[in-house]
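Engineer: Give me the fold of what follows.
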Amino acid sequence: MNLAPILVDGHYDNGVGKSDAASQGVILGGLLRDIPALRPGEILEAIPGLVVTQHSGEGKANQYFLRGYNLDHGTDFATRVDGVPVNMPTNGHGQGYSDINFLIPELVDRIDYRKGPYFAQSGDFSSAGSADVHYRAALPAPLLSTTYGSDGYRRVLLAGSTVVPQGPTLLGAIESMQEDGPWKRPDRMRKLNGLLRLSDGDERRGWSAEALGYAARWNSTDQVPLELIRSGALCRFCALDPTDGGRTARAILSGEWHAQDGDGYTRVSAYLEHYRLQLWSNFTYFENDPVRGDQFNQRDARNILGTDIVKGWQGSWLGHDSTTEAGLQVRHDLIHVSLYDSQARQAFNTVSDNQVGETEAGVYLQNTTLWRDWFRSIVGIRADGIALDLTSRTYRPNSGHVDDHRVSPKMALIFGPLQTTEFFINAGEGFHSNDARGAVDRFDAQTGATLQRAPALVGSFGEEIGVRTEWVPGLQSSLAVWRLNSDSELVYGADSGGTEINGASRRQGVEWNNHLTLGRYVLIDADLAWTHARYAHPDENGESGDRIPNAVGKVASLGVTLHRYGPWSASVKTLYIGGYPLSQDGALRAPSSLVTNLRLSRALTPRLTLVLDVLNAFGRRYFDIAYDQDYRVTPTSPLVADGITVHPGEPRQYRMTLNLDL
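Structural biologist: Next comes the predicted model:
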């Protein structure tokens, strides 16, 4: 059946017949280069329903929200960049820590995104969803981009590609960025980023090799008590501990090879990474130590080695076209992770110091069969195992070894295309791993008390029905009704060095996504997401109520792009985040937020373009994040139990960029 093509002008590749679920899609790099963004991580907000915020300095991993999950820094959302996993298990700050500040948006070719645990190729951290970011192999022309903006924002990017004589294509980029932000104590964010990519071949047969280096350092203005801001005792952009901050670095070598013929396909990739992180944070101020304060120092240094191997066979089964795919994914992290009490970035007490060897291996088998022109099935099964070896340098009884494994079936039924519409039924199990310290530690190192060990792998089950249609010419619409259950809202609190084993949860929701093209120039994106998130049983965790703190229930976005109308282009995007509970009984709530970003660009010459970004264009006051938290503001002030702390969103900012094609 041949469908009339719909032109979406380089923004999406989500037409009927190209997805295995209504909530799956592909975002092309053209969209990311058209829309304004405050920070690199916000390019993931092009994924409908995903929210990307920050509760600390800009060099720290973002806070993510999707499908009623406070994903923290990535616990249930898996991210890869050119095949290399970004999420860090047993991280110094948070399980699944996903820092994509090294991403260069101008180089992105596409983002493949999936929601829910229905996909056999997706393993750890992917219960709520996953995103694979792919870089371009070449640029049409060398690019020099310089940006100057509010609050000391400066950025320079030099990127280009060339074909080696009678050989592969070499792509290179170097980026330098600095900013202070609106904070009373400037962020002084400084980062340097570089990439070299060598590639050859095409979709049927080819290879690539990549080297990446990234380093950043910054100051942090962490969340502060809302009451102090409201009373005027603390300015909106002030900090209570002006010595918080961090630094991080990573170096990655990776490569991939692929081949395809009439009988099937093979893909092989491998990566080697060295990673370092140090964070100094203080969220409770003087609650625990009225003399030196509650600042703590988290450190993470690791080497990572991993590989993915995929083999596919194309043929016939019971007289129907069929493809069977088998995959192997292996990753080993050698980690030195530690936690210290500190004052003004000077460590004075070792809370924990651990050497961890963590190996994760997953295998999967998946079959796709075309039973009719209008019906195909995808059936898969995935088996994952984890081995955790921990050596405690501070409390030897906590040294030990833990193994765990899970088997996760997956299924999708796709009906269509039926003219311009198709229907989906999806179901599957998923999981996320736990921090090795939470799974192995048996005793409280301070008191010697016996601890409840947390499981190494925490399961989830999701199901979804959906529809995707192009019934209205120029309009792509999808509707998904989904449910996702987690065995436990288990979180490893790396700030305190312990595991929070919370109750099981139930989430259900609806997502409605629309992409409309009007003529050759106008593109409209309108997305709505509603989620109902609750603990499976009331009064879990020794608390009254069944609300899940920080579970965002409503997200809506509207984007309008005027694309290449003569020398002009313009884009405006508005994001709405509904209010959400901060406490289990729902008594404390965060307010809603509404933020609009604007981009206006004009081609001055065929090679020179001027771009103006106005971020938070209407200057609205909002909070990037809010928490229910205990704290003590000064050594002598009373303890505040169940107070609200916030990280204010940034005020209106202007950024001017000059892009020159060399």
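Engineer: which element follows the longest strand along the chain toward the C-terminus?
Structural biologist: Scanning the chain for the strand with the most residues, using DSSP state E, yields strand 346-372. Next in sequence after strand 346-372, counting helices and strands by DSSP states H and E, comes strand 375-392.
Engineer: Now that following strand - C-alpha only, PDB.
Structural biologist: Extracted C-alpha coordinates of strand 375-392, given in PDB (Å, rounded to 0.1, in the frame of the first residue of the first chain):
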ATOM      1  CA  PHE A 375      -0.900  -6.600  10.400                       C
ATOM      2  CA  ARG A 376       2.500  -7.400  11.900                       C
ATOM      3  CA  SER A 377       3.700  -8.700  15.300                       C
ATOM      4  CA  ILE A 378       6.900  -8.100  17.300                       C
ATOM      5  CA  VAL A 379       7.600 -10.700  20.000                       C
ATOM      6  CA  GLY A 380      10.800 -10.500  22.100                       C
ATOM      7  CA  ILE A 381      12.400 -11.700  25.300                       C
ATOM      8  CA  ARG A 382      15.300 -10.200  27.100                       C
ATOM      9  CA  ALA A 383      17.500 -11.600  29.900                       C
ATOM     10  CA  ASP A 384      19.700  -9.400  32.000                       C
ATOM     11  CA  GLY A 385      22.200 -10.200  34.700                       C
ATOM     12  CA  ILE A 386      24.300  -8.000  37.000                       C
ATOM     13  CA  ALA A 387      27.300  -8.800  39.200                       C
ATOM     14  CA  LEU A 388      28.300  -6.300  41.900                       C
ATOM     15  CA  ASP A 389      31.700  -6.600  43.700                       C
ATOM     16  CA  LEU A 390      32.200  -4.000  46.400                       C
ATOM     17  CA  THR A 391      35.200  -3.400  48.600                       C
ATOM     18  CA  SER A 392      34.600  -0.900  51.400                       C
END
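Engineer: Might you report the residue contacts of the closest residue to Gln63 other than its chain neighbours?
Structural biologist: Counting by Cβ to Cβ, 6 or more residues apart in numbering, Gln63 lies nearest to Thr53, which is 4.7 Å off, once chain neighbours are set aside. In this view, the C-beta of every residue, glycine as well, is placed from N, C-alpha and C. Contact analysis of Thr53 by Cβ atoms under 8 Å, 6 or more residues apart in numbering lists Asn62, Gln63, Tyr64, Phe65, Asp624, Ile625, His647.
Engineer: any idea how far Asn70 is from Pro581?
Structural biologist: 11 Å (Cβ to Cβ, to the nearest Å).
Engineer: what's the overlap in contacts for these two?
Structural biologist: Here Pro581 and Asn70 have Ile548, Pro549, Asn550, Ala551 as joint contacts, going by Cβ under 8 Å, 6+ apart.
Engineer: Using TSV, lay out the residues you listed together with secondary structure.
Structural biologist: Shown next, in TSV, are these (DSSP: H, G, I helix; E, B strand; the rest coil):
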residue	secondary structure
Ile548	coil
Pro549	coil
Asn550	coil
Ala551	coil
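Engineer: would a markdown table of those with neighbour count and pLDDT be doable?
Structural biologist: Below are those laid out as a markdown table (neighbours: other Cβ atoms under 10 Å; pLDDT from 0 to 100):
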| residue | neighbour count | pLDDT |
| --- | --- | --- |
| Ile548 | 24 | 94 |
| Pro549 | 22 | 93 |
| Asn550 | 22 | 94 |
| Ala551 | 20 | 95 |
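Engineer: Go through the residues you listed and name the one nearest Tyr113.
Structural biologist: Distance to Tyr113, by Cβ to Cβ, is smallest for Ala551 among those, at 20.6 Å.
Engineer: Please tell me I have it right and the closest one contacts Arg67.
Structural biologist: No - Ala551 is beyond contact range of Arg67, at 9.3 Å (criterion: Cβ atoms under 8 Å).
Engineer: Can you check which residues contact both of the two?
Structural biologist: Counting by Cβ under 8 Å, 6+ apart, the residues touching both Ala551 and Arg67 are Arg507, Thr531.
Engineer: what about the helices in the chain?
Structural biologist: 29-34, 226-231, 436-440 (DSSP state H).
Engineer: who wins for proximity to Gly262 among these?
Structural biologist: Nearest to Gly262, of the helices of the chain and by Cβ to Cβ, is helix 29-34 at 30.7 Å.
Engineer: Would you single out the least confident of the helices of the chain?
Structural biologist: Note on those: lowest mean pLDDT is at helix 29-34, with a mean of 88.
Engineer: so what does that helix touch, helix or strand wise?
Structural biologist: strand 108-115 (3 or more Cβ pairs under 8 Å, 6 or more residues apart in numbering; DSSP states H and E).
Engineer: which residues touch the strand it packs on?
Structural biologist: Strand 108-115 is contacted by residues 13, 21, 23-29, 32, 43-44, 46-47, 49, 66-67, 122, 126, 128-137, 480, 482, 511 when judged by Cβ under 8 Å, 6+ apart.
Engineer: low-scoring pLDDT stretches of the protein, where are they?
Structural biologist: By pLDDT under 70, the low-scoring segments of the chain are 1-10, 492-499.
Engineer: The same query, at a cut-off of 50, please.
Structural biologist: 1-9 (pLDDT under 50).
Engineer: would TSV of the shared contacts of Pro581 and Asn70 with distance to Leu528 be doable?
Structural biologist: Below are the shared contacts of Pro581 and Asn70 laid out as TSV (distance: Cβ to Cβ, whole Å):
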residue	distance to Leu528
Ile548	21
Pro549	23
Asn550	20
Ala551	17
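Engineer: Hmm, Glu210 is touching Ala173, no?
Structural biologist: No - using Cβ under 8 Å, Glu210 is not in contact with Ala173; the gap is 11.1 Å.
Engineer: Now do the shared contacts for the two.
Structural biologist: With Cβ under 8 Å, 6+ apart, Glu210 and Ala173 have common neighbours Leu195.
Engineer: The longest strand of the chain to strand 375-392, inter-axis angle?
Structural biologist: Relative orientation of strand 346-372 versus strand 375-392 (axes from the mean of the first three to the mean of the last three Cα atoms, to 10 degrees): 160 degrees.
Engineer: Tell me the helices and strands packed up against strand 346-372.
Structural biologist: strand 296-317, strand 320-343, strand 375-392, helix 436-440.
Engineer: Val26 and Ser98, how far apart?
Structural biologist: Between Val26 and Ser98 the distance, using Cβ to Cβ, works out to 20 Å.
Engineer: more neighbours, those two?
Structural biologist: Between Val26 and Ser98, Ser98 has the larger neighbour count (other Cβ atoms under 10 Å), namely 26 against 17.
Engineer: starting at the chain centroid, how far to the longest strand of the chain?
Structural biologist: Relative to its parent chain, strand 346-372 has a centroid offset of 16 Å by Cα atoms, centre = their mean, to the nearest Å.
Engineer: Show me which parts of it are buried, residue by residue.
Structural biologist: Residues of strand 346-372 classed as buried: 347, 351-354, 356-364, 366-369 (neighbour count, 16 or more other Cβ atoms under 10 Å).
Engineer: Same question for stretch 159-170.
Structural biologist: Quick answer for stretch 159-170 (16+ other Cβ under 10 Å): Ala159, Gly160, Ser161, Pro168, Thr169, Leu170.
Engineer: residues in contact with the last one?
Structural biologist: It stands for Leu170. Applying Cβ under 8 Å, 6+ apart, we find Leu170 in contact with Ser161, Thr162, Val163, Val164, Leu196, Arg197, Leu198.
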